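S.K.: The amino acid sequence is not available; the structure is as follows:
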């Protein structure tokens, strides 16, 4: 498609401002299951998203069909959608930031590594995992890689481009003992295949699985608790969603009116770090705003809400560079958020807690978590901790509580921070959690 | 969307290295989403999903790829990249492609694309205002949405067939947030169908739906926290069927059964549920949300009886996993879009009516939880362990509904719960949802009459009962 033609046609039809973003993505995925290559897939895809200002209202359109015939579709639908839109949010097409912190984060080495090397890696990880325990019945190893170019351009002449790639490996283990089946997995991601320690990945996946055998349903009571990093990260993302300015302005955030107030334990500092090199790096957001690293919560004090252009304007502040294009309106989200790690290892945390429960997995976040009130009741599994050591595994329990209370009751912070997604936390030692079991 | 000659060329290229089956799935889907927030149209959006997926099978191996470059170059490049992962000699050639006739059962009377955005907004607003009217102080936010999709698919395969289908669906959502100044609660509904505007005009009472959503959110404000422990649980009809979907439906999908990953692997013709339970997966129901004329491999959809009087009678089988099981597919292969390789999935899955009335079921329960309406849930297919959030629940005491509770979660294992169903009601109804799994997020109906499970673990933040 000739983009200039699109901009011209839009202007002719009365679209005052127009922004177009194009994602071009190539991906590869390989799954090795029980000794066989079960799945191999490859893709290439371009998606165009456009939003325009027609009579001072926003109109949106997305299309995977990008050819000459789509120009009219894009222009007509922007107008149709703008005509019915009466959002209180102003559409802001951005003229550009003064400075962008561009960094080279694309790994050509990863792209240039041939698929056969990647297949060998998956195979070898499979072999290493399979032999670690006689109770293992099934092993699945999947490798996925994606690389893409993100371009954004608008009628003010702003033109930005970024290129990123990375891989994601999941090892899933199923083990059986008598009538009992246990499952476990280990995820690793990154950009450099050469630094992977396959033996360590395999043994962690297996340990996570077979250590659950002979689990008991824990006694129902209130326990001191350690949340594993993956569990703490999941809960943290619900907690952090209340810092999003949209929710604050609509009155549905628990942090409304809490700026510069204590909202969490003073042990907690949370930073958004989009400019750290790595998988989550981005130098500009989906509205073209330059990103910066900043602190959201410092020693328990809420320092700022998180903004896109429209919500920032309402509060008369600058956007924090957290605008994300969904399929329509720009929303606000996190790129690379971290709860600052502490100095204690997981073993230290066990030893400090002495007796309690260690939760390594929760299920059913979409049903058991009330994101609005922060109340949760979640199916969980993990281990008892006795005399400062991990002991009997527990499963089929629920943990219940409230995320706002929970993040105010953090006593110690682990050092086991891993990049698991866009919101990440190390393991946390919490004063107490209600367990419902037997 | 691609011509026959190109399809033949691509299929034969795909088979050039020894594949025994090849398929091209071409799709163009137009969708529209209109979202309202507190009576304002916040977003109105149009979307085109467009592209092709190519699949090659060789024995128990599959390769899959997709692209939205449907030019000759785009498709042949993809086909040869995929073919290069096999290293054999050609064993199959496709000589000709013939169009297979498909009976179109789910045609809308009034296509949603012919209804203006303004009219859809006015429709939603009726529900929103009715919700606000319930209590202008407590209801602080009403959101609503109207989504419609129209999917056209052309499937070309190495059995020499071209199969086309059109799927037209519409769904609305209405959700309310209520507050008493200290806490927030929500209530909402989301009916949909493979029908046109006639469904929303004639079958959905939008005003009543708005009212019900608001009333539920407000009622929850004063509900007590649910107690925890083991107790009999009555699960309400309609969306309560998500229990069967999660706890049993997923475990009957060939994708896990064929690999012995399911608790129901190798259990055909054995008792897996209480004799009171019969259940079906029926992709043929006219106009239902999860219905289609053909599945995403082009096979006609079926009414599959999964459980008859407690005996497991059928799995949900796609042709690839069917190879591993030595069983024929039964029209259950689905995918979100051309970006996903198809696999065995549910369509409209529900427990059939029994003989008890709801009143009887409640009356015969001395103490327990009445989970009238469930939220989402998930299940681990290997262990069968599941969890559900409960959106509307009551404590039953001495055969009567005593008081409302909130924050309940039901947890357990599918195999166990199915055996413990000790009463089945006669008030079957279905409700709509989106089901997420390996081949993406697809529309499915869940459903059941009111049922009672003799004992289940209830998680909640209230007192512990036993």
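M.R.: Nice, I can see it. This is a predicted model, so every value here is computed, not measured.

S.K.: Domains in the chain, by residue range?
M.R.: Since no chain was named, I'll use chain A. The record's domain parsing of chain A by automatic domain parsing lists A:3-8+A:16-209, A:214-438.

S.K.: let's do chain B instead
M.R.: Taken from automatic domain parsing, chain B resolves into B:4-32+B:44-99, B:112-150+B:167-222, B:229-459.

S.K.: longest helix anywhere in chain B?
M.R.: Counting residues, the longest helix in chain B under DSSP state H turns out to be helix B:117-134.

S.K.: tell me which residues in that one are buried?
M.R.: Neighbour counts over helix B:117-134 (16 or more other C-beta atoms under 10 Å in any protein chain shown) mark B:117, B:120-121, B:123-125, B:127-128, B:130-132, B:134 as buried. From N, CA and C alone the C-beta is placed, and that goes for glycine too.

S.K.: who touches the spatially most distant residue from the centre of chain B in this structure?
M.R.: Most distant from the centre of chain B: residue B:89, at 40.7 Å, with distances by C-alpha atoms, centre = their mean. Residues near residue B:89 by C-beta atoms under 8 Å, 6 or more residues apart in numbering or on different chains: B:17-18.

S.K.: sorry, back to before: pLDDT of the longest helix of chain B, averaged?
M.R.: Helix B:117-134 carries an average pLDDT of 97.

S.K.: what packs against that helix?
M.R.: Helices and strands touching helix B:117-134, by 3 or more C-beta pairs under 8 Å, 6 or more residues apart in numbering or on different chains; DSSP states H and E, are helix A:70-84, strand B:21-37, strand B:139-157, strand B:161-179, helix B:206-221.

S.K.: Just the residues contacting it, thanks.
M.R.: Here helix B:117-134 makes contact (C-beta under 8 Å, 6+ apart) with A:80-81, A:83-84, B:32, B:34, B:36, B:39, B:41, B:44, B:112, B:139, B:142, B:144-146, B:172, B:174, B:176, B:200, B:206-211, B:213-215, B:218.

S.K.: one more time with 7 Å, if that's ok
M.R.: Contacting residues not belonging to helix B:117-134 are listed as A:80, A:84, B:34, B:36, B:39, B:41, B:44, B:139, B:142, B:144, B:146, B:172, B:174, B:176, B:200, B:206-207, B:209-211, B:213-215, B:218 [C-beta atoms under 7 Å, 6 or more residues apart in numbering or on different chains].

S.K.: filter those residues to the buried ones?
M.R.: Neighbour counting by 16+ other C-beta under 10 Å classes A:80, A:84, B:34, B:36, B:41, B:44, B:139, B:142, B:144, B:146, B:172, B:174, B:176, B:200, B:206, B:209-211, B:213-215, B:218 among these as buried.

S.K.: Show me what from the stretch 1-150 of chain A comes close to chain B.
M.R.: Applying C-beta under 7 Å from any C-beta of the partner chain, we find that the stretch 1-150 of chain A lies next to chain B at A:36-46, A:60-65, A:77, A:80-81, A:84-88, A:138.

S.K.: These in helices, which ones?
M.R.: Of the positions in the residues of the stretch 1-150 of chain A next to chain B, A:77, A:80-81, A:84 sit in helices, assigned by DSSP H.

S.K.: mind listing the helices for chain A?
M.R.: A:3-12, A:70-84, A:108-112, A:115-130, A:198-210, A:229-240, A:245-250, A:309-314, A:346-353, A:365-368, A:403-408.

S.K.: And these, which one averages the lowest pLDDT?
M.R.: helix A:365-368 (a mean of 74).

S.K.: Okay, now the unreliable bits of the chain?
M.R.: Chain wasn't specified; assuming chain A. Within chain A, the stretches with pLDDT under 70 are A:327.

S.K.: right idea, wrong chain: chain B
M.R.: Residues of chain B meeting the criterion pLDDT under 70: B:381, B:465-466.

S.K.: If we use 50, what do you get?
M.R.: For chain B, no stretch is flagged by pLDDT under 50.

S.K.: Show the contacting residues for residue A:220.
M.R.: A:435-438, B:228, B:464.

S.K.: how about a cut-off of 10 Å?
M.R.: A:397-398, A:434-438, B:228-229, B:459, B:464-466 (C-beta atoms under 10 Å, 6 or more residues apart in numbering or on different chains).

S.K.: Same check on residue A:358?
M.R.: Neighbouring residues of residue A:358 by C-beta under 10 Å, 6+ apart: A:223, A:225-228, A:231, A:346, A:349-350, A:382-385, A:390-391, A:393-394, A:427, A:429.

S.K.: can you tell me how far it sits from chain B?
M.R.: Separation of residue A:358 from chain B (C-beta to the nearest C-beta, to the nearest Å) stands at 19 Å.

S.K.: and what of residue A:25?
M.R.: Using C-beta to the nearest C-beta, residue A:25 is found at 10 Å from chain B.

S.K.: Residue A:426 too?
M.R.: Taken as C-beta to the nearest C-beta, the span from residue A:426 to chain B is 25 Å.

S.K.: shouldn't that residue be in contact with residue A:344?
M.R.: Yes: taking contacts as C-beta atoms under 10 Å, residue A:426 lies within contact range of residue A:344: 8.9 Å.

S.K.: got the residues of the stretch 51-200 of chain B near chain A?
M.R.: With C-beta under 10 Å from any C-beta of the partner chain as the criterion, the stretch 51-200 of chain B meets chain A at residues B:51, B:53-56, B:59-71, B:74, B:77-78, B:81-82, B:84-86, B:116-118, B:120-121, B:140-141, B:177, B:179, B:182-186.

S.K.: Mind doing that once more with 7 Å?
M.R.: Counting by C-beta under 7 Å from any C-beta, the residues of the stretch 51-200 of chain B close to chain A are B:51, B:60-69, B:81-82, B:85, B:117-118, B:121, B:140-141, B:177, B:183-184, B:186.

S.K.: Buried only: go through the residues you listed for me.
M.R.: B:51, B:61-69, B:81-82, B:85, B:117, B:121, B:140-141, B:177, B:183-184, B:186.

S.K.: Provide a list of residues in contact with residue A:416.
M.R.: Going by C-beta under 7 Å, 6+ apart, the list of residues near residue A:416 reads A:229, A:346, A:426-427.

S.K.: which residues sit in contact with residue A:249?
M.R.: Counting by C-beta under 7 Å, 6+ apart, residue A:249 has contacts A:311, A:314.

S.K.: gap between it and chain B?
M.R.: Separation of residue A:249 from chain B (C-beta to the nearest C-beta): 12 Å.

S.K.: Next up, the contacts around the closest residue to residue A:396 other than its chain neighbours.
M.R.: Leaving aside its chain neighbours, residue A:396 sits nearest to residue A:217 (5.4 Å; criterion: C-beta to C-beta, 6 or more residues apart in numbering or on different chains). Neighbouring residues of residue A:217 by C-beta under 7 Å, 6+ apart: A:394, A:396-397, A:437-438.

S.K.: so what's residue B:405 bridging to?
M.R.: residue B:224, residue B:393 (DSSP bridges).

S.K.: is it true that it touches residue B:392?
M.R.: No: using C-beta atoms under 7 Å, residue B:405 is not in contact with residue B:392, being 9.5 Å away.

S.K.: For the two, indicate the residue with more neighbours.
M.R.: Each of residue B:405 and residue B:392 has its neighbours counted (other C-beta atoms under 10 Å in any protein chain shown); residue B:405 has more, 24 against 21.

S.K.: so who does the more buried one touch?
M.R.: Residue B:405 neighbours (C-beta under 7 Å, 6+ apart): B:223-226, B:393-395, B:460, B:462.

S.K.: Among these, which one sits closest to chain A?
M.R.: Distance to chain A, by C-beta to the nearest C-beta, is smallest for residue B:460 among the contacts of residue B:405, at 6.0 Å.
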